[in-house]
Each structure stands twice: as C-alpha cells, then as structure tokens.
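> below are the sequence and a predicted model for it; my questions follow.
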Protein chains: 2
Amino acid sequence: MKKVAVVLAGAGVFDGAEIHEAVITLLALDRGGAQVQCLAPNVDQMHVINHLAQQPGTGNRNVLEESARIARGSIIDLAQAQAGDYDAIVFPGGFGAAKNLCDFAVKGVDCSVNPQVETFIQQGLKAGKVFGFICIAPALAAKVIGKEGAKPRLTIGNDAGTAAALEQMGAEHVNAAVNEIVVDEKNKIVSTPAYMLGPGIADVAEGIEKLVGKVLEMC
Amino acid sequence: MKKVAVVLAGAGVFDGAEIHEAVITLLALDRGGAQVQCLAPNVDQMHVINHLAQQPGTGNRNVLEESARIARGSIIDLAQAQAGDYDAIVFPGGFGAAKNLCDFAVKGVDCSVNPQVETFIQQGLKAGKVFGFICIAPALAAKVIGKEGAKPRLTIGNDAGTAAALEQMGAEHVNAAVNEIVVDEKNKIVSTPAYMLGPGIADVAEGIEKLVGKVLEMC
C-alpha cells in the first residue's frame, strides 16, 4: 500500500488550506488505494480572514489545529514526521500554502519557507519521493527545489506575474488548464492549477484527480 | 438548471458541518449540473472544539462565517432565504447539524430546532421540494417533519439508540450501509449514513453521490 503525506496549511481558502482541494485530494487518494497521513506545522496562522466578509477577522488560529478540521482529528505535527516514511507528498493549495507554509503571498520571490516544510521537501527530494503541488503550492516547490538547482517544471495555471515569480525562484513554468497536469519526470513532481483558475469545484476536481492518479503511478 | 440549497452548520466535524460530507455534496451537485447555493444561520456555534486535541477550545465562532470557509465566501444568511427559490435542499452532517442547527446532540428527543432552519424545512415540505439529509442531519427531518405528522422514512445507519430517538420524534428508521441511500418517495426525502458509519472518505462518498443523484432525479 502506497503511503502518502498530505501537508495542510489550515482550513479555509483565504487564510489556510483550500478546503475543496484538500478534500478532493484525500478522496482521490483513498479511491486510489493509498494510505494517507495528514500533516501540518504547529505554528500560528499569518492571520485570520473572516470568509464571509472576506476581510481580516479577530484572534489567531493554529495551523495544526485548524488543519485537523479537514483531517477529522487524524493529523500529526510536521515536526515529528520524516519524508522517508512516505512514498509521496502532496500539498493542496489555498492562501495558507503561501501565508503559513511560506510567505510568498506577502514577499513574492523574496519569500522564506517554514523551516519544517523546507526540511520535509528537501528530505523527500533527496530520497526520490514523488511530489504533488496544487494551486499556489508550486511556489513552495519553486523556492525550495529551485534553490537546490533542480529547476522544477511546474504550473500555477496561466497568471503571468505569478509564473514569472516562480521562474525567478528557479522553476520552469508551463501554462496549463484547470483540467490538466504538468509532469516533471526528472524531479518527480506533478502540479495542477486548481483554484488558481477554477472556476468551479468540478473543474478543479478533474485536475486534482489526474494529479493524484499520476502521483500514485509514479510511486 | 436545478437549483439546490446546501445548508451548512460551521466547518469541522466536531462542532460544525462535516467538511468531507459538505465538499463531496458540493462536488456531486456540480457534476450533476445543479446550480448550488450554500446557506447557514447567522448564529454563534454551540461551542468550539479543538479538532487536534478533540476537546473544547477557546473563544466562540459564528456558524455563517465558519460555513463560508467551505463555501469559499459564496454563502447567504439562511434568514434571507426562501425554500421556494430552490428545487432541492441538502443538509450535510457533522456535529454542527446536531449542535448548531438543532440541539439534538445535547437534548436528544427533546431537542429544539433553530427557528430559521425549522421554517426553511417546513416551507420546503409544503412546497413539495426534494430533501437530502446526510449523516446525523436526519435528526432535523425527524424533529421538524415528524412533528408535521408526515412520518419521514430515514436512515442514520444502524445505531440503535439514535434510530430509536428518531422514531420517537416521529420518523420511521431504516437501517442502511454507508454506501446505501434510503428514499422516502412520499415526502421526497433521501438520506445516507455517511460518517455515522464511515469508516473512510471513499465509503462516505459512495453514499453521498447516490444521494445527490437521487435528489436531482426527484426534482
């Protein structure tokens, strides 16, 4: 049975993991016969967004605790995980991937990546694991794997500014439609635009299901 | 195009809408060609559960704001909705359905239902709309529709105590497996056990996809 780590970034598109993308990933992995483990860093979110008003809300929230909502409580602290224990590692998108796992949403090409996330990706890369990056999560791959000089081949859809930023960080960007995946055979990385393009949940699901299928095939 | 209302109860299995059930419902409706509107009451949650510790957390949260996380901000206040505007109404489960939409989780057969939720269901019943109730949400149907004397035919899986409570509130309970639906042709109600049984997301999805297919067929 293939073991797959799904790294979450909270629960909610504007300040955490994109919930539809995360759940569709979990469903496709379960249907594909994989054994899934959700993981998240035990850190505060960058901020809380009231998803009704779509404006900053009050208080703060913890990324691991909020991610546990998507994982139904079955989640472990990324600090206690080893990439070597999994066959593949998948990052759903949502602003949380670019606000909590790194700060690309604020700092663009000058972003830094959460050290645990960075170590986990580097471990996985060295061990030849298969990666899936969804939506804006390819920014993590560009920053971490691009820095290693591996020039990951990725997509975030077709936004020219974001694509240029990923290339500046060391990636090769390929435009793709929401129902498509881009496969980097050399670095074993699969990506799909999801809600970087949308527009609807069925559109997004088509790309994510292809990504999960390809990730499991490449394990 | 069939218009379907999806009534949410927060975001998280232990204090809100069950996130997997809600997302699988939205995906199946979109794939089925329905136009979907998410709705939730603008009220405080009964409480907040830390989903990592699976124990009470701090602060309070608003059901409409938290539901907006699942709806990606595209949600309306149940108080501003008319059941007559939709062809069908679906309630995903999660403890929120039994803590925030009614207090069945605390008071059992003596529960009361949020007045907006009760009115919305009664309006839909009178207008001959089609209903879908998932997981523990059939408790709402038992209380509201059972009270009307319509004796709804429902399932919450096979838990004897819960089934007996639903029957005491005026429903007829039918045992069902997670991949099955129970159809009440007379009252136009479809139900499925989902995470009342589980165990996995793919199991739950099979029942919910059948439920959505049947609901759209009956519209």
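Great, that's in hand. Fair warning: this is a prediction, and the values are worked out from it, not measured in the lab.
> just give me the longest helix of chain A.
Assignment by DSSP state H gives helix A:201-218 as the longest helix of chain A.
> list the buried ones in it?
Residues of helix A:201-218 classed as buried: A:201-216, A:218 (neighbour count, 16 or more other Cβ atoms under 10 Å in any protein chain shown). Glycine gets a C-beta too; all of them are placed from N, C-alpha and C.
> stretch A:105-117 now?
Buried, per 16+ other Cβ under 10 Å, within stretch A:105-117: A:105, A:108, A:111, A:113-114, A:116-117.
> among the residues you listed, which two are most distant?
Farthest pair in the buried residues of stretch A:105-117 (Cβ to Cβ) is A:108 and A:116. Separation: 21.8 Å.
> which residues in chain A form strands?
In chain A, the strands defined using DSSP state E lie at A:3-7, A:35-40, A:49-50, A:55-56, A:75-77, A:88-91, A:130-134, A:153-154, A:172-173, A:182-184, A:189-192.
> would you turn those into TSV with mean neighbour count?
What follows is those, written out as TSV (neighbours: other Cβ atoms under 10 Å in any protein chain shown):
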stretch	mean neighbour count
strand A:3-7	23
strand A:35-40	22
strand A:49-50	22
strand A:55-56	10
strand A:75-77	17
strand A:88-91	26
strand A:130-134	28
strand A:153-154	24
strand A:172-173	20
strand A:182-184	21
strand A:189-192	29
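> dump those to TSV, plus distance to chain B and mean pLDDT.
Shown next, in TSV, are the strands of chain A (distance: least, Cβ to the nearest Cβ, whole Å; pLDDT from 0 to 100):
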stretch	distance to chain B	mean pLDDT
strand A:3-7	12	98
strand A:35-40	9	98
strand A:49-50	5	98
strand A:55-56	10	96
strand A:75-77	7	98
strand A:88-91	14	98
strand A:130-134	14	98
strand A:153-154	24	98
strand A:172-173	25	98
strand A:182-184	23	98
strand A:189-192	16	98
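> out of these, the one nearest residue B:146 is which?
Across these, closest to residue B:146 is strand A:49-50 (Cβ to Cβ), at 36.3 Å.
> which residues does stretch A:46-54 contact?
A:12-15, A:55-61, A:95, A:99-100, A:103, A:105-106, B:62, B:64-66, B:68-69, B:71-73, B:75 (Cβ atoms under 8 Å, 6 or more residues apart in numbering or on different chains).
> so which of those sit within helices?
Among the contacts of stretch A:46-54, the members falling in helices (DSSP H) are A:95, A:99, A:105-106, B:64-66, B:68-69.
> among the residues you listed, which pair sits farthest apart?
The widest separation within the ones in helices among the contacts of stretch A:46-54 (Cβ to Cβ) is 28.1 Å, between A:106 and B:64.
> buried ones among the ones in helices among the contacts of stretch A:46-54?
Here, 16+ other Cβ under 10 Å leaves A:95, A:99, A:105, B:64-66, B:68-69 buried among the ones in helices among the contacts of stretch A:46-54.
> who does the residue nearest the centre of chain A form a beta bridge with?
The centroid of chain A falls nearest to residue A:91 when counting by Cα atoms, centre = their mean (2.4 Å). Judged by DSSP bridges, the bridge partners of residue A:91 are residue A:133.
> ok, the nearest residue to residue A:163 once chain neighbours are set aside - contacts?
Nearest residue to residue A:163, sequence neighbours excluded (Cβ to Cβ, 6 or more residues apart in numbering or on different chains): residue A:173, at 4.0 Å. Contacts for residue A:173 (Cβ under 8 Å, 6+ apart) come out as A:154-156, A:163-164, A:166-167.
> now swap in residue A:127 and tell me
Taking Cβ under 8 Å, 6+ apart, one finds A:83-84 in contact with residue A:127.
> most remote residue from chain A's center?
No residue in chain A sits farther from the centre than residue A:58, which is 25.8 Å out by Cα atoms, centre = their mean.
> and chain A, which residues reach chain B?
Taking Cβ under 8 Å from any Cβ of the partner chain as the measure of proximity, chain A contacts chain B at A:11-14, A:16, A:18-20, A:23-24, A:26-27, A:30-31, A:50-54, A:57, A:59, A:62, A:64-66, A:68-73, A:75, A:195, A:200-202, A:205.
> any quick ChimeraX command for the buried ones out of those?
Restricted to buried positions by 16+ other Cβ under 10 Å, the ChimeraX selection for these reads:
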select /A:11,12,13,14,16,18,19,20,23,24,26,27,30,31,50,51,52,57,62,64,65,66,68,69,70,71,72,73,75,195,201,202,205
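> what number of residues lie near residue A:126?
Per other Cβ atoms under 10 Å in any protein chain shown, the neighbour tally for residue A:126 reads 11.
> about what we covered before: a markdown table please, covering the buried ones among the ones in helices among the contacts of stretch A:46-54 and showing distance to residue A:126.
Formatted as a markdown table, these follow (distance: Cβ to Cβ, whole Å):
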| residue | distance to residue A:126 |
| --- | --- |
| A:95 | 29 |
| A:99 | 27 |
| A:105 | 28 |
| B:64 | 46 |
| B:65 | 42 |
| B:66 | 40 |
| B:68 | 40 |
| B:69 | 35 |
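> about what we covered before: the residue farthest from the centre of chain A: what's it in contact with?
residue A:48.
> cool, the one 4 residues further on as well?
Contacts for residue A:62 were tallied using Cβ under 8 Å, 6+ apart; they are A:42-45, B:52.
> can you give me the pLDDT of it?
Residue A:62 is assigned a pLDDT of 98 by the prediction.
> residue A:58 now?
Model confidence at residue A:58 (pLDDT) stands at 89.
> same thing with residue A:199?
97.
> now do the one 5 residues further on
Here the pLDDT value assigned to residue A:204 is 98.
> isn't it up against residue A:196?
No. At 9.5 Å, residue A:204 does not count as touching residue A:196 under the criterion of Cβ atoms under 8 Å.
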